[in-house]
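[1] got a sequence here, can you build the structure:
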Amino acid sequence: MLDLEDYIRIIPDFPKPGVVFKDITPLLADKEASGQCLQELLNLVNGQKIDKVVGIESRGFFFGMLLAQNLNAGFVPVRKPGKLPYTTLLEPYQLEYGMDALEIHEDAISKGEKVLIHDDVLATGGTAKAVCNLVEKLGGEIVQCNFIMELSFLDGRDKLKRYDAFSVLQY
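    Now for the predicted structure:
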């Protein structure tokens, strides 16, 4: 079994000084490491029924689509405002300094559908919580939020207390 941390590249001072960025592109480039990561993400779901996998722009799309295929579920992209072509719902959320927002197609999830939310990193939790809000506005039932890695020192899990949240790697 591979140590997936060996496939996470550390980039100091990106995108700004003081930030230590965890880059998943080496993980994506290695077929064995990415295959193992996918299997570990699937294991986190633990056989639960999933109707839709929601992938968060943009790195949540990579494994989100693979998870959907393996779970025999549909895939739903959540994107920054103005990127989706159909009628959307908008969810603003607080950043460390300022605000941002995410959108989902208004017909992407039907009432009662079981939803898995996926992204590459759980950091402060604002993005994931905004996506949870969007899914619930559409009537979806959040089964789980899962991530490749969690930066636990940023306490993002605190914003997701109402949900089952899991990650393959913890920092």
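[2] show me what the most centrally placed residue in the chain is bridged to.
    What sits nearest the mean C-alpha location of the chain, by CA atoms, centre = their mean, is residue 119, with 1.6 Å. With DSSP bridges as the criterion, residue 119 is bridged to residue 147.
[3] for it, what are its contacts?
    Neighbour list for residue 119: 55, 56, 59, 60, 64, 127, 128, 131, 145, 147 [criterion: CB atoms under 8 Å, 6 or more residues apart in numbering]. (C-beta placed from N, C-alpha, C; glycine too.)
[4] go again with 6 Å.
    Shown in contact with residue 119 (CB atoms under 6 Å, 6 or more residues apart in numbering): 56, 60, 147.
[5] can you put these in CSV and add neighbour count?
    Formatted as CSV, the contacts of residue 119 follow (neighbours: other CB atoms under 10 Å):
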residue, neighbour count
56, 23
60, 26
147, 26
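[6] next one, pLDDT for the nearest residue to residue 42 once chain neighbours are set aside please.
    Spatial nearest neighbour of residue 42, excluding adjacent residues (CB to CB, 6 or more residues apart in numbering): residue 70 at 5.7 Å. Note on residue 70: pLDDT of 98.
[7] likewise the one 10 residues further on?
    Here, the pLDDT recorded for residue 80 equals 97.
[8] from residue 56, how far out is it?
    From residue 80 across to residue 56, the span is 10 Å (CB to CB, to the nearest Å).
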